[in-house]
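In: please find the sequence and the predicted model below.
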2 protein chains.
Amino acid sequence: MQQDAAKTGKGERTKARIVDAALVLFREHGYDATTMRMVAERAGVSLGNAYYYFKSKEVLLQAFYKEMHDAHVAASQEVLSSSNKLHDRLLGVLQARIDVTEPYRRFAALLFRQAADPDSPLNPFHEASRATREEAIQLFEVVIEGANVKVPKDLAKELPELLWTYSMGIVLFWIHDRSEDSARTRKLAAHTSDIVVKLIRLASNPLLRPLRKRVLELLRDFRVTG
Amino acid sequence: MQQDAAKTGKGERTKARIVDAALVLFREHGYDATTMRMVAERAGVSLGNAYYYFKSKEVLLQAFYKEMHDAHVAASQEVLSSSNKLHDRLLGVLQARIDVTEPYRRFAALLFRQAADPDSPLNPFHEASRATREEAIQLFEVVIEGANVKVPKDLAKELPELLWTYSMGIVLFWIHDRSEDSARTRKLAAHTSDIVVKLIRLASNPLLRPLRKRVLELLRDFRVTG
DNA sequence: GTCTATAACCGGATAGAC
DNA sequence: GTCTATCCGGTTATAGAC
């Protein structure tokens, strides 16, 4: 938490060495085949020492997740700065994620599995991962802000989180997608993003205001996240 | 696979003893705290023997899942035979599940976590669990069949699976729900089931036929299940 | 070929000395 | 903060009984 920018403490460096070792080994052998003993050895520390810094093997995955997220944001910049069409922007961000995470599909499955566990720190609804989640949602705020669409204020407020949820659905599909170069997921993203944009327009229709109000209220009331 | 109805083979009985032991211990101590050695001892078999019948600790959970499903179907019968209103029937089935599974919320989380793994036999999209999944979807077929609603044929065909998916969403919420007696989930089910019924009516509107067609086509094309 | 038992392995996790 | 030694439990190898 607190940390001198000038001299990075010894602990910090050791910790970084362990993370680096884990990332390399995870990439090379996969999560299951990578043992904590291997991680410790590569990092040049003892097994017990590795556990001093990381309570479990599982939490080492978080580092991996963070890395992927950063790469995703970077890869999204191109579309986001070149088009103001909602559909292009949304689809572009989805495609960027596939591009970036494609080599790590098996990993993503692990992350997803853990995320499904209510008690896991990786759980996206969990307090511990609030920051990560909010960062991910922010990306969709940018998607909307830069698009030339008019949506009712009430909907606009919830839209980023809704789109994030939608994108999580795409990820879920992708995890099960065995097609070459994730072609099926790419197709799915292309088709559904178009529909999502249409649904946003539909939901913005004044005639549907009562239903929309109700759904949005529900979302607020039952948001799992505090 | 093949098995005489008359004399249950010795193996069958041993297998049953192991499942029974596991279910009791899981209920009593939870999944993690229950060791395979405990299960074996309680079943009166050796550890190796338990593994002869069950390839892993994980597959023992399937027995638990099956038991819950059967109980859910049974508990659903009351509403299904007493009302022909779609909303009542749908909500009734959702409530029945909460009633039945309430004591096992922590378990359900484990099942869910495993189900999220593409390679797990518990994965609802996995070939191995096709039968279980179809059985679950069938329940929603009954929900619709006995209801006095008119929906376009194309939608009717997909509706059971759609409702099943919706119900899985409720389960996901429930897993994270820490409220007394799952009160929040019950409220969520009540509110959303009402909205779902309204959405079905909306989607049945002739004006929305083109969009509906498109969404349904998408569902068919991208069904994860073969 | 169907079933059962014993012993060992392996790796995640912890205790406690320095 | 770091190490060594150890535990613990899922899983496997293997040998033999029915």
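Out: Received the coordinates, thanks.
In: what's the closest non-adjacent residue to A:Val19?
Out: Spatial nearest neighbour of A:Val19, excluding adjacent residues (Cβ to Cβ, 6 or more residues apart in numbering or on different chains): A:Ala63 at 4.7 Å. C-beta here means a position set from N, CA and C on the backbone, and glycine is covered the same way.
In: that should have said A:Phe112, apologies.
Out: In space, A:Phe112 is closest to B:Ala116, 5.1 Å off (Cβ to Cβ, 6+ apart).
In: burial of that neighbour, as a residue count?
Out: 23 (other Cβ atoms under 10 Å in any protein chain shown).
In: give me the phi and psi for it.
Out: Main-chain torsions, B:Ala116, degrees, to the nearest 10: phi -80, psi -10.
In: distance of it relative to DNA strand D?
Out: Separation of B:Ala116 from DNA strand D (Cβ to the nearest atom of the strand, to the nearest Å) stands at 17 Å.
In: residue contacts, that residue?
Out: A:Ala109, A:Phe112, A:Arg113, A:Ala115, A:Ala116, B:Asn123 (Cβ atoms under 8 Å, 6 or more residues apart in numbering or on different chains).
In: just checking, the fourth one touches A:Asn123?
Out: It stands for A:Ala115. Yes - counting by Cβ atoms under 8 Å, A:Asn123 is a contact partner of A:Ala115 at 5.3 Å.
In: name the element whatever residue of chain A ends up closest to DNA strand D belongs to?
Out: Ranking the residues of chain A by distance to DNA strand D (Cβ to the nearest atom of the strand) places A:Gly48 first, at 2.3 Å. A:Gly48 belongs to helix A:47-53 when assigned by DSSP states H and E.
In: any idea how far the residue of chain A closest to DNA strand D is from A:Phe54?
Out: Applying Cβ to Cβ, to the nearest Å, the value for A:Gly48 to A:Phe54 is 12 Å.
In: what about the two, which has more around it?
Out: Between A:Gly48 and A:Phe54, counting by other Cβ under 10 Å, A:Phe54 is the more crowded of the two (18 against 8).
In: could you check the pLDDT of A:Asp119?
Out: Looking at A:Asp119, its pLDDT reads 76.
In: can you check the one 4 residues further on too?
Out: Per-residue confidence for A:Asn123 comes out at a pLDDT of 74.
In: please see if the least confident helix or strand in chain A by mean pLDDT touches DNA strand C.
Out: Ranked by mean pLDDT, DSSP states H and E, the weakest helix or strand in chain A is helix A:105-115, scoring a mean of 81. No - for helix A:105-115 and DNA strand C, the contact criterion (Cβ under 7 Å from any atom of the strand) is not met; the two come no nearer than 11.6 Å.
In: just the CA atoms of the helix holding A:Gly48, as PDB, please.
Out: Provided in PDB are the C-alpha atoms of helix A:47-53 (Å, rounded to 0.1, in the frame of the first residue of the first chain):
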ATOM      1  CA  LEU A  47       8.600 -22.100  -1.100                       C
ATOM      2  CA  GLY A  48       7.700 -20.700   2.300                       C
ATOM      3  CA  ASN A  49       8.800 -17.300   1.200                       C
ATOM      4  CA  ALA A  50       6.600 -17.300  -1.800                       C
ATOM      5  CA  TYR A  51       3.700 -18.000   0.500                       C
ATOM      6  CA  TYR A  52       4.700 -15.100   2.700                       C
ATOM      7  CA  TYR A  53       3.900 -12.800  -0.200                       C
END
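In: what residues does A:Val100 make contact with?
Out: A:Val100 makes contacts with A:Met68, A:Ala71, A:His72, A:Ala75, as judged by Cβ under 8 Å, 6+ apart.
In: buried stuff in stretch A:50-67?
Out: For stretch A:50-67, the neighbour count (16 or more other Cβ atoms under 10 Å in any protein chain shown) marks A:Ala50, A:Tyr53, A:Phe54, A:Lys57, A:Leu60, A:Leu61, A:Gln62, A:Ala63, A:Phe64, A:Tyr65 as buried.
In: was I right to think the third one contacts A:Leu60?
Out: Yes - if you go by Cβ under 8 Å, A:Phe54 and A:Leu60 touch, sitting 5.5 Å apart.
In: who touches both of these two?
Out: Overlap of the contact sets of A:Phe54 and A:Leu60 (by Cβ under 8 Å, 6+ apart) consists of A:Ile18.
In: around DNA strand D, pick out the residues from chain A.
Out: Contact residues, chain A versus DNA strand D (Cβ under 7 Å from any atom of the strand): A:Gly9, A:Lys10, A:Gly11, A:Thr14, A:Gly44, A:Val45, A:Ser46, A:Leu47, A:Gly48, A:Asn49, A:Tyr52, A:Tyr53.
In: again, only this time at 10 Å
Out: A:9-15, A:17-18, A:37, A:40, A:43-53 (Cβ under 10 Å from any atom of the strand).
In: filter the residues you listed down to the buried ones, ChimeraX style.
Out: Burial among the residues of chain A next to DNA strand D is assessed by 16+ other Cβ under 10 Å; the matching ChimeraX selection reads:
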select /A:14,15,17,18,40,43,45,50,53
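In: contacts only, for the residue lying closest to A:Ile18 once chain neighbours are set aside.
Out: Among residues not flanking A:Ile18 along the chain, A:Ala43 sits closest, at 4.4 Å (Cβ to Cβ, 6+ apart). Each residue near A:Ala43 by Cβ under 8 Å, 6+ apart is listed here: A:Thr14, A:Arg17, A:Ile18, A:Asp20, A:Ala21, A:Ala22, A:Ala50.
In: let's go with 6 Å and repeat that
Out: Contacts for A:Ala43 were tallied using Cβ atoms under 6 Å, 6 or more residues apart in numbering or on different chains; they are A:Arg17, A:Ile18, A:Ala21.
In: per-residue confidence for it?
Out: 98.
In: look up how far B:Lys57 lies from it.
Out: Distance, A:Ala43 to B:Lys57, by Cβ to Cβ: 31 Å.
In: A:Ala22 contacts A:Leu61, doesn't it?
Out: No - the pair A:Ala22 / A:Leu61 is not scored as a contact, 8.6 Å apart, by Cβ atoms under 6 Å.
In: need the residues of chain A near DNA strand C, please.
Out: So chain A meets DNA strand C at A:31-40, A:46-52, A:54-60 (Cβ under 10 Å from any atom of the strand).
In: how about 7 Å then?
Out: So chain A meets DNA strand C at A:Thr34, A:Thr35, A:Met36, A:Arg37, A:Leu47, A:Gly48, A:Tyr51, A:Lys55, A:Ser56, A:Lys57, A:Glu58 (Cβ under 7 Å from any atom of the strand).
In: please, which helix or strand holds the closest residue in space to the fifth one that isn't next to it in sequence?
Out: It refers to A:Leu47. Of all residues not flanking A:Leu47 in the chain, A:Ala40 sits nearest, at 4.7 Å (Cβ to Cβ, 6+ apart). Using DSSP H and E, A:Ala40 maps to helix A:36-43.
In: just the CA atoms of that helix, as PDB, please.
Out: Written as PDB, here are the backbone C-alpha positions of helix A:36-43 (Å, rounded to 0.1, in the frame of the first residue of the first chain):
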ATOM      1  CA  MET A  36       4.400 -23.200  -6.400                       C
ATOM      2  CA  ARG A  37       7.800 -24.900  -6.000                       C
ATOM      3  CA  MET A  38       8.600 -24.100  -9.600                       C
ATOM      4  CA  VAL A  39       7.500 -20.500  -9.100                       C
ATOM      5  CA  ALA A  40       9.600 -20.200  -6.000                       C
ATOM      6  CA  GLU A  41      12.700 -21.700  -7.600                       C
ATOM      7  CA  ARG A  42      12.500 -19.500 -10.600                       C
ATOM      8  CA  ALA A  43      12.000 -16.400  -8.500                       C
END
